[in-house]
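Novice: Test case, fold it:
(chains A and B)
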Amino acid sequence: MKKLIKNTFIIIASFIALDYVIGLALDMTLKNSPDGRFYKIQYTLKECEEDIIIYGSSRAESNYVPRIFEESLGLTCWNSGRGGQSLPFMYAMNEGVTNRHSPKIAIINVEDIFLEYTEEEYSFFDRAAGILRPFYIKHPAVRSIVDRNSYAEPFLNYSKLYAYNSSYYYLFRPYAIEGLDGKLEDDGWKPKHGKLKDENYEQRVVQEKNELNPEYVALFDNFISSLREKGTQVFVITSPNYKEKVISTKTIEYLKNRKDIVFIDYLNDTRFTRNKTFYNDPNHMNLIGAEAFSTDIANKIKSQATYLSASKPLF
Amino acid sequence: MLFNSIEFAFFLPIVFFIYWLVLKNTVKGQNIWLLIASYFFYGWWDWRFLFLILFSSIVDYTIGLNLHKATKVSQRKLLLFLSVFINIGFLCYFKYFNFFLDSLNDAFTLLGKPLEASRLSIILPVGISFYTFQTLSYTIDIYKRKLEPTKDIVAFFTFVSFFPQLVAGPIERASHLLPQFSRKRKFSYDMISQGGKLMLWGLFMKVVVADRLAIYVDDVYMLLERHSWLTLFTAHAFFAFQIYCDFAGYSLIAIGCAKLFDFHLMDNFRRPYFATSFKSFWSRWHISLSTWFKDYVYIPIGGNRQGDFRAGINLMITFIISGFWHGANWTYIIWGALHGFYQIMEKYVLKFKLPKAINWLIVFGLTCLAWVFFRAPSVSDAMTVLQRIVTFQGTGLYFGDKGIFLFGVMGLFILLLHDYIMEFKPNYQFLYHRSPIVRYAAIVILMMFITTFGVFDNSQFIYFQF
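Specialist: Reported below is the predicted structural model:
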């Protein structure tokens, strides 16, 4: 038994030592990341002080052009959107932002069934935890989302190998190829350069009757409240999808009834849903579409009588 | 409780140290402790189903004793029937009730008179297929007078619920495992070290290879009809390794875990994808189940004692039942039937010799083809996949998340390297190398690899559902 304990100790000690040393190297790699998704999260959590912050998933990341908001509204803008993510990720980003900064405007891109029960095999909490773990120790803002995954997260994340689990490809990629997740000068925007194929796309009609997920609703409520407490004007926007018509969903009804946000619904805006040249794929706009869409949103924000009601003068 | 969970990481050392430090001198005490641990392990998932294991244990313990005492053939047959009826009855109710109902509904709908019967909301108790077969082997062996029943109720109950192999095997024979509950156990560093290494490699197979490949395969299955033949082909080649690593990984953890308590379970997988014939494949794949079917289904229905034609039919029946054991769906039945067909063709029809490499390619290719039915949620989905592959529909290879794809391929490469060494160069195994430095380094690197590339979220052992 003594031999077993001694040898087990040697193995565990070696593992911890190597974990620590490799962890230091990984932290340095992340810290010095030239661009890419980890750079973007790090910037959002730690540095961004732009007037407008855009939150959302891949649609936010591709469809919203910060430059256009800056030129149109005269405010600085940062797009914190991340593909494949949803509310839990946005929530964590916003925690990081609002803990140290009061944005004047927040633009939150949502999907038509954003707050409803979905049968996702890999939940959005899991997805968010996967990408946020490297920030767990240094950025308490992300902990509430990661911790939801397992009660053991506070302990496990002391292992850097665990925290960086499966992140290596995207951690190292920016060192080899820059700009794949958007260029630095684009302020978080990740333009898509493709166009829709020549094939005939069928009209899609969405009419979902799924109930709202109370956990998501509560999270969304906290998200909005934390922004409102900072005096931030919140615009919640639905992006259009090509040839998709949304008749009704519980999320849309819920958003329409909220009084503390400005809800702008593009789901059935035929200027966008019918224009094939605007799309990279049926759910994401290409460069031309993103610019047209962002211009339209900027104009709508401008037309809001209260859009300049942020805490500090703008110019 | 899952083997790859935090709970298990706490549970196992507690059970281990109390077993060896506090109860080392008492076999009875160790058995009671293992029984408590096993019920706790199972109850962690759903305590209500503990009553099912308890009931099954009581029934087979009692029937076993009475079978041994009974002298009249009719009485013995009745007792055996009772054991089979109760065990298979539970299995049918929990696993197959809704399937039978759906099939009946479909049949009546075809006749133009749909049934109004509605499905039952039944939760499938984890591991029911495994412990049912294990206890059945006990009563059948006593009936055949191959085994003496045990009077030690604790030993028998622990045999049925032994936590390392309770939920996904290997399906042990009473004649092999039960006597181990009666002998004195000896603490040996080498045995425990070997157990630990098996567990570690099993965990690697499960979380680094199986769970990683599963992400890609599941992703492809979300939009089957949109993917190219190459993507579907790749996904099913990946699935072949996913299911191998999932199940063989679990079996290795179970075997290694049992070794920690000085129990020896049977080998369950021996690098099946190196097989160059279907006969060889089935002597390497899920050995505990295939030998169970051979002993308790194939041979009792006649085996090869009544000529080639009848032997072929017996083989087909056995494989169809084996397929059905895997799941209550026509896809599993077709999977079983395909393997039955392969075996019959190999054994009785295509007797010509081909180079080994060609044989390997044929066996692996046809095995992957059968996996399409195993993985597809329905027969029509499986046909969609096969149609797209055979007619080369679509172009390009979908990678999904490139990181996931890349890590999956990397894990697969390490697995193949390991299996190659095990198969052809067993002296080169790093985990069992003569040099302690190499051994230790291999263990630490493997641990780091698991922590770095393992999938720890949302993972379930595929075989739990069977």
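
Novice: CA only for contacts and neighbour counts going forward, please
Specialist: Noted.

Novice: show me where pLDDT drops low in the chain?
Specialist: Assuming you mean chain A. Counting by pLDDT under 70, chain A has low-confidence residues at A:118-122, A:305-315.

Novice: Chain B was what I was after
Specialist: Using pLDDT under 70, the flagged stretches of chain B are B:115-117, B:119-122, B:124, B:457-466.

Novice: which bits of chain A sit near chain B?
Specialist: Counting by C-alpha under 8 Å from any C-alpha of the partner chain, chain A comes close to chain B at A:1, A:3-4, A:11-12, A:14-15, A:19, A:121-122, A:126, A:149, A:152, A:161-162, A:164-170.

Novice: again, only using 7 Å
Specialist: A:Leu4, A:Ile11, A:Phe15, A:Tyr122, A:Asp126, A:Leu161, A:Tyr162, A:Tyr164, A:Asn165, A:Ser166, A:Tyr169 (C-alpha under 7 Å from any C-alpha of the partner chain).

Novice: How much space separates the residue in the stretch 101-250 of chain B positioned nearest to chain A from B:Asn427?
Specialist: Residue of the stretch 101-250 of chain B nearest chain A, by C-alpha to the nearest C-alpha: B:Tyr189 (6.3 Å). Going from B:Tyr189 to B:Asn427 by C-alpha to C-alpha, to the nearest Å gives 21 Å.

Novice: Between these two, point out the one with more neighbours.
Specialist: B:Tyr189 (14 against 11; other C-alpha atoms under 10 Å in any protein chain shown).

Novice: what helix or strand does A:Ile54 sit in?
Specialist: Using DSSP states H and E, A:Ile54 maps to strand A:52-55.

Novice: Check which element follows that strand along the chain.
Specialist: Strand A:52-55 is succeeded, C-terminally, by helix A:58-63 (DSSP H and E).

Novice: Partner strands of the strand holding A:Ile54 and their direction?
Specialist: On the basis of DSSP bridges, the sheet neighbours of strand A:52-55 come out as strand A:77-79 (parallel), strand A:105-110 (parallel).

Novice: Pick the most buried one from those strands.
Specialist: Compared across these, strand A:77-79 shows the largest average neighbour count, a mean of 27 (mean count of other C-alpha atoms under 10 Å in any protein chain shown).

Novice: and the next helix or strand after it, what other elements does it pack with?
Specialist: Downstream of strand A:77-79, the next assigned helix or strand under DSSP H and E is helix A:87-98. Contacts defined by 3 or more C-alpha pairs under 7 Å, 6 or more residues apart in numbering or on different chains; DSSP states H and E place helix A:87-98 against helix A:36-46, helix A:124-132.

Novice: Please save the CA atoms from helix A:87-98 in CSV.
Specialist: Taking C-alpha atoms only, helix A:87-98 is exported to CSV below (Å, rounded to 0.1, in the frame of the first residue of the first chain):
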residue,chain,number,x,y,z
LEU,A,87,-27.7,34.0,-24.3
PRO,A,88,-25.3,32.4,-21.7
PHE,A,89,-22.3,33.7,-23.6
MET,A,90,-23.8,37.2,-24.2
TYR,A,91,-24.7,37.3,-20.5
ALA,A,92,-21.1,36.5,-19.5
MET,A,93,-19.7,39.1,-21.9
ASN,A,94,-22.1,41.7,-20.6
GLU,A,95,-21.1,40.9,-17.0
GLY,A,96,-17.5,41.6,-17.9
VAL,A,97,-18.4,44.8,-19.7
THR,A,98,-20.9,46.3,-17.1
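
Novice: what's the angle from that helix to helix A:124-132?
Specialist: In terms of direction (axes from the mean of the first three to the mean of the last three C-alpha atoms, to 10 degrees), helix A:87-98 departs from helix A:124-132 by 50 degrees.

Novice: ok, residues contacting the strand holding A:Ile54?
Specialist: A:75-81, A:90, A:103-109 (C-alpha atoms under 7 Å, 6 or more residues apart in numbering or on different chains).

Novice: Show me how far it is from its chain's centre.
Specialist: 9 Å (C-alpha atoms, centre = their mean, to the nearest Å).

Novice: Could you export it as CSV, keeping only the C-alpha atoms?
Specialist: The C-alpha trace of strand A:52-55 is given here as CSV (Å, rounded to 0.1, in the frame of the first residue of the first chain):
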residue,chain,number,x,y,z
ILE,A,52,-22.0,50.9,-28.4
ILE,A,53,-21.6,47.2,-27.6
ILE,A,54,-23.2,44.6,-29.9
TYR,A,55,-24.1,41.2,-28.3
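
Novice: give me the number of residues near residue 32?
Specialist: Chain wasn't specified; assuming chain A. A:Asn32 has 11 nearby residues by other C-alpha under 10 Å.

Novice: The chain in question should be chain B.
Specialist: 18.

Novice: One more: B:Phe269?
Specialist: Using other C-alpha under 10 Å: B:Phe269 sits among 22 other residues.

Novice: Over to it: give its phi and psi.
Specialist: phi -140, psi 140 (degrees, to the nearest 10).

Novice: Once you drop chain neighbours, what's closest to the residue in the stretch 201-315 of chain A that chain B sits nearest to?
Specialist: Nearest residue of the stretch 201-315 of chain A to chain B (C-alpha to the nearest C-alpha) works out as A:Tyr201 at 13.6 Å. Closest residue to A:Tyr201 apart from its sequence neighbours, by C-alpha to C-alpha, 6 or more residues apart in numbering or on different chains: A:Lys243 at 7.3 Å.

Novice: I'd guess the residue of the stretch 201-315 of chain A closest to chain B is in a strand, am I close?
Specialist: No. Assignment of A:Tyr201 by DSSP: H, G, I helix; E, B strand; the rest coil gives coil, placing it outside any strand.

Novice: Neighbours of it, how many?
Specialist: Neighbour number of A:Tyr201 under other C-alpha under 10 Å is 13.

Novice: element containing A:Val234?
Specialist: Here A:Val234 is assigned to strand A:233-238, by DSSP H and E.

Novice: Each with direction, which strands does the following helix or strand past that strand pair with?
Specialist: Next along the chain after strand A:233-238, taking DSSP H and E as the criterion, comes strand A:244-248. Here strand A:244-248 has these sheet partners by DSSP bridges: strand A:204-207 (parallel).

Novice: So for the first helix or strand past the partner strand going along the chain, what gets flagged as buried?
Specialist: For strand A:204-207, the succeeding helix or strand toward the C-terminus, using DSSP H and E, is helix A:214-229. By 16 or more other C-alpha atoms under 10 Å in any protein chain shown, the buried positions in helix A:214-229 come out as A:Tyr216, A:Val217, A:Phe220, A:Phe223, A:Ile224, A:Ser226, A:Leu227, A:Arg228.

Novice: Quick check: the gap between the third one and A:Pro88.
Specialist: Remark: distance between A:Phe220 and A:Pro88 (C-alpha to C-alpha) = 9 Å.

Novice: With the fifth one instead?
Specialist: Using C-alpha to C-alpha, we find A:Ile224 at a distance of 13 Å from A:Pro88.

Novice: One more: B:Trp45?
Specialist: From B:Trp45 to A:Pro88 the distance is 27 Å (C-alpha to C-alpha).

Novice: out of the two, which sits in the busier spot?
Specialist: A:Pro88 (24 against 14).
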